[in-house]
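**Student:** Build me a model:
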Amino acid sequence: MYSDASTGTMASLCELFQHTAAAHAGEVALRASDGSVELTWHDYAERVRTIAGGLASLGIGRGDVVGIMLTNRPEFHLVDMAVLHLGAAPFSVYNTSSVEQISYLFRNARNTVVVTERQFVDRIKAAGGSAEDIVCVDGDADGAIALARLERQDGAGFDFDKSWRAVEPTDLAALIYTSGTVGNPKGVEIEHHALLASLRAGCRIPEIAAGARSGGRLMSYLPDAHIANRYYSHYLSLVDGASITTVREPSTVAQVLPQTRPTIFGGVPAFWYKLRAMIEGLVADPAKMTPTAREAIHARLGLDAASMLIAGAAPIAPKTIEYFQSLGIEVCEGWAMSETAAAGTINRVGRNRPGSVGLPMDGLEVRVAPDGELLIRSAALMRGYRGDPERTREALIDGWYHTGDIGQIDDEGCVRIIDRKKDLIINSSGKNMSPANIEAAVQASLPLAASIVAVGEARPYVVALLTLDPIALAAFAHSRGIVADAPADLVAHPEVTREVAEAIDRANNRLSRTEQIKYFRILAGTWAPGGDELTPTNKLRRRSIAGKYATEIDALYVRGRQAPGEVSHHALAQQAQNTEVNGK
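**Tutor:** Have a look, this model is predicted:
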């Protein structure tokens, strides 16, 4: 069982791993959701030993950095932990990264080895990686070394136990590259002691400790380049021997959930919106459900064993939290960052406050600066940004991390996020507005939405660009008997634009007059994570969107422009690629 006292005596994640692996040797530690791999903690420890020896033969040692570019699979956990046992630091690359982005990461991280899959080898080579320094977990590829072969190449004279025992609390444990909405990503340097402090803080919340216990089940399906996935699967499993199920295809998460029945599960807002849409197809009126019917829904979703369900990474509409509450499902919104090693604030089960991100974890202080920015002080703070002393000095001042988020702390101590400091809209009348608040209101009203961006900087009113979720759109079309020759025709169908307009009206009723969306444009297609419009973690690249869609945005401010909702279907079809409708 988790012991705060024993964890507090650990000098490194390596020591915690060795302790847990010995205590739970015969229990399952890692499994792939397709059943292809299942390893006990004993197996896990032995593979970490052999992989560490193989990496040592390539010259990896204390103070080095190793890159990892993998899908969600057990080998990530094996390799990441092996790197730590060498006194080296791992970092993960988003699989959607371009050659240019990977090249920048390699220059900043100064890694000499990359562990990857064959599907990514060409991209890594184009980014500057050499074949002899590429390790493939799924076999040989174009001169790269296979992981299985590497494990047979013990470094001459390598002493595994001496290596991991030499790792100190202030050694670098991870580099987490922020996805960055503008400019190059920042390499967040996190030390062993910071991650241990973050784990202690999290597990002082009873529901997190219960979910991470021996016999607990965690799921790894979000990118390992994101601190949330590392924390809530990779690191959290070390606390008391919970098992990790890896899901290579994120699209299969809904199918894997009932098979795994995780004891802790977290999802980004988009996941919870889609899950809500799926439930609404099954349940007409949650208020009329019997307790037995609710339990059946929980089991069907695979959420019946979870001691805590979490929403994070971006703001979630309070109405969605309230919807799940009406089903007896507590989704607790939280707020944390790579720079805080995932320690942050989170709502508590039984004390869930929709619209807030909850109370600070134990040992974490949050205060509001005079300009409204939220500041954090904690033992879990980063060392700094790799190779960037200037941005480090801007972020860490007198022991406080400046989050860049504007927020409030209410009388109960709950933190509420208003928006990113640099994202606030100031309209032409000088009114400050939160685009995230506007977007969340629309998202809560419109299950069809995939992405929404509100625009209004130095403008007389707010407009919005929207993309629609293909799966939800297809279901909507089927329910209405709509047949279209092409997806673009479906996006432009009058019933679709009417549905969107009505949702905008509902959202506007919950917003102040200056926040209300006056016009919007539905774009054909969707925005892919890691593209021009979205970061790999689905955050909006507002500056890039404003530039790329400047023509479409400007058109929404042309006075007297006739809205497609008021013209013929033929005219709508002509504008299928970019449909504009009046939001009122």
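
**Student:** residue ranges for the helices of the stretch 451-584 of the chain, please.
**Tutor:** Per DSSP state H, counting those that start in this stretch, the stretch 451-584 of the chain carries helices over the ranges 470-480, 487-491, 494-508, 542-548, 550-555, 569-574.

**Student:** buried stuff in the longest one?
**Tutor:** Along helix 494-508, the positions that meet the burial threshold by neighbour count (16 or more other C-beta atoms under 10 Å) are Pro494, Val496, Thr497, Glu499, Val500, Ala501, Ala503, Ile504, Ala507, Asn508. Where you see a C-beta, it was placed from the backbone N, CA and C, and this is true even at glycine.

**Student:** Check the fifth one too.
**Tutor:** By neighbour count on 16+ other C-beta under 10 Å, the buried set for helix 550-555 is Glu552, Ile553.

**Student:** any idea how far it is from the chain center?
**Tutor:** 30 Å (C-alpha atoms, centre = their mean, to the nearest Å).

**Student:** just the second one next, same as before
**Tutor:** On the basis of C-alpha atoms, centre = their mean, helix 487-491 sits 30 Å off its chain's mean C-alpha point.

**Student:** Give the other helices and strands that it contacts.
**Tutor:** On a contact count with 3 or more C-beta pairs under 8 Å, 6 or more residues apart in numbering; DSSP states H and E, helix 487-491 meets helix 470-480.

**Student:** ok, now the fourth one?
**Tutor:** With contacts taken as 3+ C-beta pairs under 8 Å, 6+ apart, helix 542-548 sits against strand 449-455.

**Student:** repeat that with 6 Å
**Tutor:** Packed against helix 542-548, as judged by 3 or more C-beta pairs under 6 Å, 6 or more residues apart in numbering; DSSP states H and E, are no other helices or strands.

**Student:** Go through that helix and flag the buried ones.
**Tutor:** Arg542, Ser544, Ile545.

**Student:** Surely the last one and Ala454 touch.
**Tutor:** No - if you go by C-beta atoms under 6 Å, Ile545 and Ala454 don't touch, sitting 10.6 Å apart.

**Student:** residue contacts, Val83?
**Tutor:** Val66, Pro90 (C-beta atoms under 6 Å, 6 or more residues apart in numbering).

**Student:** Can I get the helix or strand it falls within in PDB, CA atoms only?
**Tutor:** Element membership for Val83, per DSSP states H and E: helix 74-85. Extracted C-alpha coordinates of helix 74-85, given in PDB (Å, rounded to 0.1, in the frame of the first residue of the first chain):
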ATOM      1  CA  PRO A  74       5.000  -1.200 -23.200                       C
ATOM      2  CA  GLU A  75       8.400  -0.600 -24.700                       C
ATOM      3  CA  PHE A  76       8.100   3.100 -23.900                       C
ATOM      4  CA  HIS A  77       8.000   2.300 -20.200                       C
ATOM      5  CA  LEU A  78      10.900  -0.100 -20.400                       C
ATOM      6  CA  VAL A  79      13.100   2.300 -22.300                       C
ATOM      7  CA  ASP A  80      12.200   5.400 -20.300                       C
ATOM      8  CA  MET A  81      13.000   3.600 -17.000                       C
ATOM      9  CA  ALA A  82      16.200   2.100 -18.400                       C
ATOM     10  CA  VAL A  83      17.400   5.500 -19.300                       C
ATOM     11  CA  LEU A  84      16.800   6.800 -15.800                       C
ATOM     12  CA  HIS A  85      18.700   3.900 -14.300                       C
END
